[in-house]
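Engineer: model the following, please.
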Amino acid sequence: MNRRLIFQDEADGIAYWSAREWKKWAVHVVAGPAKRPSYKQMAYVRARTREAAIAVARRDLFPPAPRSARFDARLAGPHELGCVSTPAYPRGSDVSARAPVSSNCSSGARR
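Structural biologist: You can find the predicted model right below:
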């Protein structure tokens, strides 16, 4: 049985995509020896299953991968898709502290 570590970003991706029909997959394409590959590429594709994601990557990769390339798909995590954590929306007294400061330009008076 082949086991591998699942990092937090991948665990978040698995949790997020589990309830969705169409998923975003990260497909790793590697050719050559395992320790020193001569070709490496990453493709992000939208598909329902892992097998469909690999088929889409094989079809749409440009320039095409070598014949000996190995394809491995996993669910894309939030960080690699560009999601960043942001603070929660301010509540209570924080709202007044973030209110815009009035200026002469915003008063509506014309010069």
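Engineer: need the strands for this structure, in chain order.
Structural biologist: 23-31, 39-47, 70-75 (DSSP state E).
Engineer: and of these, who's closest to D12?
Structural biologist: Between D12 and the strands of the chain, the shortest separation by Cβ to Cβ is 9.4 Å, and it involves strand 70-75. Glycine gets a C-beta too; all of them are placed from N, C-alpha and C.
Engineer: each with direction, which strands does that closest one pair with?
Structural biologist: Note on strand 70-75: by DSSP bridges, its sheet partners are strand 23-31 (antiparallel).
Engineer: which residues sit in contact with the residue positioned nearest the centre of the chain?
Structural biologist: Central residue of the chain (Cα atoms, centre = their mean): L81, 2.2 Å from the mean position. Residues near L81 by Cβ atoms under 8 Å, 6 or more residues apart in numbering: K24, Y44.
Engineer: going forward, the N-terminal residue is numbered 17.
Structural biologist: Understood, numbering begins at 17; the last thing we discussed is L97.
Engineer: pLDDT at it, what is it?
Structural biologist: Note for L97: predicted pLDDT of 84.
Engineer: that older thread, export the strands of the chain to JSON lines and append columns for distance to D28, mean neighbour count and mean pLDDT.
Structural biologist: JSON lines is the format used below for these (distance: least, Cβ to Cβ, whole Å; neighbours: other Cβ atoms under 10 Å; pLDDT from 0 to 100):
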{"stretch": "strand 39-47", "distance to D28": "13", "mean neighbour count": "20", "mean pLDDT": "95"}
{"stretch": "strand 55-63", "distance to D28": "16", "mean neighbour count": "15", "mean pLDDT": "95"}
{"stretch": "strand 86-91", "distance to D28": "9", "mean neighbour count": "17", "mean pLDDT": "94"}
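Engineer: residue contacts, A69?
Structural biologist: Counting by Cβ under 8 Å, 6+ apart, A69 touches K39, W41, V43, V61, A63, A89.
Engineer: quick check: beta-bridge partners of the last one?
Structural biologist: Same thing as A89. Applying DSSP bridges to A89, the residues it is bridged with are V43.
Engineer: so who does R74 touch?
Structural biologist: A81, F87.
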